[in-house]
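A.B. asks: sequence first, predicted coordinates after that:
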Amino acid sequence: MTTELTVLALAGLLQVAQFSLYSALSIRQVGPKKAAGPRDVAHVLTGTAGRAQRAMNNHFEGLILFTLAVVVVTLGEAASSFTAACAWVYLIARIAYWPAYLLGLAPWRSLIWFIGLLASTFMILAALF
């Protein structure tokens, strides 16, 4: 398996970890009965639970672009030490983004997010050129 695919698998596990934390925090905030209910009306989460939800959703969004980058690099047979380094930068940025968002570390979380975006973008560009 290429480095890029390995990092993609790890990013998927990071998503599972974020979902688990979000679930635990949201259940603690709204209670197990509401959390297990049909959610006909969305629960508005606040504080750390709300930030965990938004950080998790943000990772879903970033993961789409990163997955695209990994697919393009892998199927395009464009894997290199540069694309591998970009993949690791993406994952490290996403790992750092999570606590930065949960702790409300502005503007650092935005800078960390941008680093992850650049890593995915550079992977795509490397595959094209």
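C.D. replies: In hand now; what should we look at? Quantities reported herein were computed from a predicted structural model and do not represent experimental measurements.
A.B. asks: what is the lowest-mean-pLDDT helix or strand in the chain packed up against?
C.D. replies: Taking mean pLDDT, DSSP states H and E as the measure, the chain has helix 32-36 as its least confident helix or strand, at a mean of 79. Here helix 32-36 touches helix 3-30, going by 3 or more Cβ pairs under 8 Å, 6 or more residues apart in numbering; DSSP states H and E. C-betas here are computed from N, CA, C, even on glycine.
A.B. asks: now the helix it packs on: buried residues?
C.D. replies: Residues of helix 3-30 classed as buried: 3-4, 7-8, 11, 14-15, 18, 21-22, 25-26, 29-30 (neighbour count, 16 or more other Cβ atoms under 10 Å).
A.B. asks: how about residues contacting the least confident helix or strand of the chain?
C.D. replies: 23, 26-27, 43 (Cβ atoms under 8 Å, 6 or more residues apart in numbering).
A.B. asks: show the backbone phi and psi for the residue nearest the centre of the chain.
C.D. replies: With distances taken as Cα atoms, centre = their mean, the residue of the chain nearest its centroid is residue 59 (2.5 Å). Note on residue 59: backbone dihedrals following degrees, to the nearest 10 are phi -70, psi -40.
A.B. asks: which residues touch it?
C.D. replies: Contacts of residue 59 by Cβ under 8 Å, 6+ apart are 11, 14-15, 18, 94, 97-98.
A.B. asks: closest to residue 128 among those?
C.D. replies: Taking Cβ to Cβ as the measure, residue 128 lies nearest residue 11 of the contacts of residue 59, at 21.7 Å.
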